[in-house]
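**Q** need a structure here:
(chains A and B)
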2 protein chains.
Amino acid sequence: MKKLTYAVVGTGAIGGFYGAKLARAGQEVHFLLHKDYEHVRAHGLRVSSCDGDFALPSVPAYDSTTTMPPVDVVLVGLKSTNEHLLRSLLPPLLHPRTLVVLIQNGIGLEADVQEWFPGLSLAAGLAFICSAKTEPGHIRHQCYGSINLGNYSCQDSELFQAVLNDFCQAGIDAHEVDYAEARWRKAVWNMPFNGMTVALQTQTDSLLRHPATRQLIYEQMMEVIGAANALGISALDESFAQKMMQMTEEMVPYSPSMRLDYDFHRPMEIHYIYTRPIATALAAGFPMPRLQMLERELLFLDAQNTAHF
Amino acid sequence: MKKLTYAVVGTGAIGGFYGAKLARAGQEVHFLLHKDYEHVRAHGLRVSSCDGDFALPSVPAYDSTTTMPPVDVVLVGLKSTNEHLLRSLLPPLLHPRTLVVLIQNGIGLEADVQEWFPGLSLAAGLAFICSAKTEPGHIRHQCYGSINLGNYSCQDSELFQAVLNDFCQAGIDAHEVDYAEARWRKAVWNMPFNGMTVALQTQTDSLLRHPATRQLIYEQMMEVIGAANALGISALDESFAQKMMQMTEEMVPYSPSMRLDYDFHRPMEIHYIYTRPIATALAAGFPMPRLQMLERELLFLDAQNTAHF
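**A** Numbers count the residues shown, from 1 in each chain, chains lettered A, B, ... in the order given. Model (predicted):
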């Protein structure tokens, strides 16, 4: 197979990191930028990383996908609050066999994009990483960095494996995982902690320290696991919730991305992190009362938080 | 029946109001005070009321129940966070036929006091009133003012009726109601609105304006009604929740007492407003997941809010 070409849609903390790693390893990567376009066109990208800093002084930078070439692989790192933009952003990047990898949080992302582009090859990218874009074109990678790829609708297994291989060649810990299981597995952590740190204006460690919220977080995790089980994903059980509790306890006090979005008065990713999985579970006969309550609290807070901005 | 004697334990917005009304009507009322003792002993009580202002320049004021006489009726207006104090406060006030009326919010108050004083005659007082103690010895009564009395363990129906009669003679709209039904009926409003205005730092009107929290409030009301039904209280149904929604919508924007407690860094009445009814319902096989989640959020917020005071 000839060398693959890549595009990154949403060159932020996540898309920017993985795209820069691939580019540094010699892959052809085209970067779509928005606010940082002028800066990156002039100065390239910079990654300050726990694994060693590096800079790419010159990268193919674009401010519109209409001027970008069709590529073999699109890595989507957009905030899912902008998911609808993919309807117009993607078409110029696609050739008949393009694989689009959604490196985003939530449930229902692939289903929506598939509805907009019925024949498209789609995969989920589940990133386990602490990183942030701290300045224009500058990504700070604090820790972790692995990515799991789940195949949603890609018939071309050779292409899928080649992408995995490119990630590994670029020094990224990348593995293939079962799509649905991986999305729900990640939701076990994401659904409790993202919203609760916003609702109670706190961090992961404080939530686990107070017995009342510790119990609530555990119950919320069990709601996600119950939903996954109801959807036929049997690999998740109580022991995974216990593992996630313990893992979080061993982490430094952490503010998940939703807390950062809230603090900076950006819209929160409520739809794909809460509304969709809750609706999906309910359609399978499994209600999630605690996480639905959290969703409603977040919708209220989001409206107040973004009203004046 | 000879004229009844009264004591007020907790001369605040509620106990102070009803006690002052009774005293103005000529009843013998002894007032227990704490912080306001010196002021009230010197200047008496003042009520600024939507029904007409009045002052009682001289009232029997005490800073300890040990110096108070035994009375026929004790009106308890304490914050339920201080419920345990009744174990030592009540004995000096009691003679063999004393009726103690708990004018407090929540579920389980009478059960606890009965356990501490097995032979005691107890009743619930359910106040529908907007009032506040704004300065020492000064109660501001904004609107409403009725009280419902529910008989918990008073065998002396003549005494119970005489108390009702005294309230009415004092110009208070007072009625006898079924004890358990009345306590749960009040919880239908109290459980959603007290906690949610704290959790989302808002008021009643905003909660009803956003469709997400409006739906959540309604679901929480239905949890209380479901719990009441499970406990054999059949008079409450969906139509009562609808009525409470509408009534609240017609009120001015309102901060319930728990929101005021939180804002002034006072401990919140979580135990009797949430923990006890939730445990009571669960023991009857009815879980209240949304209100239990709210209880846990409140326990977390309470710990943070009172930690430095």
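**Q** so where's chain A shaky on pLDDT?
**A** A:308-309 (pLDDT under 70).
**Q** how about the residues of it near chain B?
**A** A:199-200, A:202, A:206-207, A:210, A:212-213, A:215-216, A:219, A:289-290, A:293-297, A:299-301, A:303-304 (C-beta under 8 Å from any C-beta of the partner chain). (Each C-beta comes from the backbone N, C-alpha and C, glycine too.)
**Q** make a PyMOL selection of the buried ones in these.
**A** Selection of the buried residues among the residues of chain A next to chain B in PyMOL, burial being defined by 16 or more other C-beta atoms under 10 Å in any protein chain shown:
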select buried, chain A and resi 199+200+202+206+207+210+212+213+216+219+289+290+293+294+295+296+297+299+300+301+303
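**Q** and the residue of the stretch 51-200 of chain A found nearest chain B, how far from residue A:216?
**A** Using C-beta to the nearest C-beta, the closest approach of the stretch 51-200 of chain A to chain B is made by residue A:200 at 5.7 Å. Remark: distance between residue A:200 and residue A:216 (C-beta to C-beta, to the nearest Å) = 10 Å.
**Q** any residues in contact with both of those two?
**A** residue B:297 (C-beta atoms under 8 Å, 6 or more residues apart in numbering or on different chains).
**Q** among the residues of chain A next to chain B, which are in helices?
**A** A:199, A:206-207, A:212-213, A:215-216, A:219, A:289-290, A:293-297, A:299-301, A:303-304 (DSSP state H).
**Q** ok so, going back, list the contacts for the nearest residue to the residue of the stretch 51-200 of chain A closest to chain B once chain neighbours are set aside?
**A** Distances taken as C-beta to C-beta, 6 or more residues apart in numbering or on different chains put residue B:300 closest to residue A:200, at 5.7 Å, once the chain neighbours are dropped. By C-beta under 8 Å, 6+ apart, the residues touching residue B:300 are A:200, A:202, A:206-207, A:210, A:212-213.
**Q** please enumerate the helices of the stretch 1-150 of chain A.
**A** A:15-24, A:37-43, A:86-89, A:109-116 (DSSP state H, counting those that start in this stretch).
**Q** I misspoke; the intended subject was the stretch 151-300 of chain A.
**A** So, for the stretch 151-300 of chain A - with DSSP H, counting those that start in this stretch - the helices run A:157-169, A:179-199, A:204-209, A:211-230, A:238-250, A:257-263, A:270, A:276-283, A:289-306.
**Q** which other helices and strands contact the second one?
**A** Using 3 or more C-beta pairs under 8 Å, 6 or more residues apart in numbering or on different chains; DSSP states H and E as the contact criterion, the neighbours of helix A:179-199 among helices and strands are strand A:121-135, strand A:138-151, helix A:204-209, helix A:211-230, helix A:238-250, helix A:257-263, helix A:276-283, helix A:289-306.
**Q** and the shortest one, how far out from the chain's middle?
**A** Taking C-alpha atoms, centre = their mean, to the nearest Å, the mean C-alpha location of helix A:204-209 is offset from the chain mean by 23 Å.
**Q** go on, stretch A:234-253?
**A** 19 Å.
**Q** show me what counts as buried in it.
**A** Buried, per 16+ other C-beta under 10 Å, within stretch A:234-253: A:236, A:240-241, A:244-245, A:248.
**Q** could you do stretch A:251-267 as well?
**A** Buried residues in stretch A:251-267 (16+ other C-beta under 10 Å): A:255-259, A:261-262, A:266-267.
**Q** alpha carbons of it, as PDB, please.
**A** Extracted C-alpha coordinates of stretch A:251-267, given in PDB (Å, rounded to 0.1, in the frame of the first residue of the first chain):
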ATOM      1  CA  MET A 251      -4.700  10.700  39.200                       C
ATOM      2  CA  VAL A 252      -3.700  14.200  40.100                       C
ATOM      3  CA  PRO A 253      -6.800  16.500  40.800                       C
ATOM      4  CA  TYR A 254      -8.200  16.900  37.400                       C
ATOM      5  CA  SER A 255     -10.600  19.200  35.600                       C
ATOM      6  CA  PRO A 256     -12.200  17.300  32.600                       C
ATOM      7  CA  SER A 257     -12.700  19.200  29.300                       C
ATOM      8  CA  MET A 258     -16.300  20.000  30.100                       C
ATOM      9  CA  ARG A 259     -15.200  21.900  33.200                       C
ATOM     10  CA  LEU A 260     -12.700  23.900  31.200                       C
ATOM     11  CA  ASP A 261     -15.300  24.600  28.500                       C
ATOM     12  CA  TYR A 262     -17.700  25.900  31.200                       C
ATOM     13  CA  ASP A 263     -15.000  28.000  33.000                       C
ATOM     14  CA  PHE A 264     -14.100  29.600  29.700                       C
ATOM     15  CA  HIS A 265     -17.800  30.200  28.800                       C
ATOM     16  CA  ARG A 266     -17.600  27.900  25.800                       C
ATOM     17  CA  PRO A 267     -20.600  25.700  25.000                       C
END
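**Q** neighbouring contacts of stretch A:228-245?
**A** A:178, A:180-181, A:184-185, A:187-189, A:208, A:214, A:217-218, A:221-222, A:225, A:280-281, A:284-286.
**Q** which among these end up buried?
**A** Applying 16+ other C-beta under 10 Å to those flags A:180-181, A:184-185, A:187-189, A:208, A:214, A:217-218, A:221-222, A:225, A:280-281, A:286 as buried.
**Q** in contact with the closest residue to residue A:275 other than its chain neighbours, which residues?
**A** Spatial nearest neighbour of residue A:275, excluding adjacent residues (C-beta to C-beta, 6+ apart): residue A:295 at 6.1 Å. Going by C-beta under 8 Å, 6+ apart, residue A:295 touches A:195, A:270, A:274-275, A:278, B:212.
**Q** got TSV for those, with distance to residue B:93 too?
**A** Converted to TSV, the contacts of residue A:295 look like this (distance: C-beta to C-beta, whole Å):
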residue	distance to residue B:93
A:195	49
A:270	54
A:274	53
A:275	55
A:278	53
B:212	48
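**Q** separation between residue A:11 and residue B:268?
**A** 46 Å.
**Q** and these two? Which one has more around it.
**A** Using other C-beta atoms under 10 Å in any protein chain shown, the more surrounded residue of residue A:11 and residue B:268 is residue A:11, with 29 against 25.
**Q** that one touches residue A:36, doesn't it?
**A** Yes: using C-beta atoms under 8 Å, residue A:11 is in contact with residue A:36, at 7.0 Å.
**Q** pick the most deeply packed of the helices of the stretch 1-150 of chain A.
**A** helix A:15-24 (a mean of 25; mean count of other C-beta atoms under 10 Å in any protein chain shown).
**Q** can you tell me how far residue A:165 is from residue A:3?
**A** 11 Å.
**Q** compare those two (neighbour count), which wins?
**A** Using other C-beta under 10 Å as the criterion, residue A:165 and residue A:3 rank with residue A:165 on top: 13 against 10.
**Q** quick check: the more buried one vs residue A:189, distance?
**A** Counting by C-beta to C-beta - residue A:165 and residue A:189 are separated by 28 Å.
**Q** over to residue A:117?
**A** 29 Å.
**Q** what's the answer for residue A:65, then?
**A** 32 Å.
**Q** OK, contacts around residue A:6?
**A** Counting by C-beta under 8 Å, 6+ apart, residue A:6 touches A:19, A:22, A:27-30, A:71-75.
**Q** what's the answer for residue A:126, then?
**A** Contacts of residue A:126 by C-beta under 8 Å, 6+ apart are A:103, A:147-150, A:177, A:182-183, A:186.
**Q** buried residues in stretch A:114-131?
**A** A:114, A:117, A:120-127, A:129-131.
**Q** kindly report the same for stretch A:73-91.
**A** Within stretch A:73-91, the residues that count as buried by 16+ other C-beta under 10 Å are A:73-83, A:86, A:89-90.
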